[in-house]
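Undergrad: test case, fold it:
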Amino acid sequence: QVQLRESGPGLVKVSQTLSLTCTHFGGSVLTPHYAFTWIRQPPGKGLEWMGVITYDGNTYYDPSLESRASISRDTSENQFTLQLRSATPEDTAVYFCAAGLSRYYYPNWGRGIQVTVSS
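TA: Residues are numbered from 1 along each chain as shown. I've put the predicted structure just below:
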């Protein structure tokens, strides 16, 4: 059974880089056709799709975040990471990682991690 777990600092200072890791249990980030996605939910708002990395290493980002976001993977640790540069208070959110059989289908979610960006 696919399990995902987010980890990283819960508090980030303004202008620093927000960095989160998702560890994939019960499977591999190299599983053919799988894609691994980052989603966030700011307080009082809906879910925001941020970006995805596919099993073969291709990345796609929401246009509003493309200049600041990077998604990468560590195949030896079976992890994928999100880096969001120049963090602002508007990046405060619960961040989720998710996985599924395509960029558009990700039924397996982590529990989420609260990240607060503050000066």
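
Undergrad: just checking: what are the partner strands of the strand or helix carrying Thr23?
TA: Element membership for Thr23, per DSSP states H and E: strand 18-25. If you go by DSSP bridges, strand 18-25 pairs up with strand 3-7 (antiparallel), strand 79-84 (antiparallel).

Undergrad: starting at the chain centroid, how far to that strand?
TA: Relative to its parent chain, strand 18-25 has a centroid offset of 7 Å by Cα atoms, centre = their mean, to the nearest Å.

Undergrad: can you pull the contacts of the closest residue to Arg68 other than its chain neighbours?
TA: Nearest non-adjacent residue to Arg68, counting by Cβ to Cβ, 6 or more residues apart in numbering: Arg85, 4.7 Å away. No exception for glycine: its C-beta is placed from N, CA and C like everyone else's. Neighbouring residues of Arg85 by Cβ atoms under 8 Å, 6 or more residues apart in numbering: Thr17, Arg68, Ala69, Ser70.

Undergrad: next, format those residues as CSV and append neighbour count, pLDDT and distance to Val29.
TA: Formatted as CSV, those follow (neighbours: other Cβ atoms under 10 Å; pLDDT from 0 to 100; distance: Cβ to Cβ, whole Å):
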residue, neighbour count, pLDDT, distance to Val29
Thr17, 13, 98, 22
Arg68, 16, 97, 23
Ala69, 18, 98, 18
Ser70, 17, 98, 16
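
Undergrad: tell me the one of the residues you listed nearest Arg111?
TA: Nearest to Arg111 among those is Ala69, at 21.5 Å by Cβ to Cβ.

Undergrad: the closest one pairs with what?
TA: Applying DSSP bridges to Ala69, the residues it is bridged with are Leu84.

Undergrad: center of the protein - which residue?
TA: Against the mean C-alpha coordinate of the chain, by Cα atoms, centre = their mean, the closest residue is Trp38 at 3.0 Å.

Undergrad: got a list of contacts for the helix or strand where that residue lies?
TA: Using DSSP H and E, the element containing Trp38 is strand 35-41. For strand 35-41, the external contacting residues (Cβ under 8 Å, 6+ apart) are 20, 22, 24, 29, 47-55, 71, 73, 80, 82, 91, 93-103, 106, 112.
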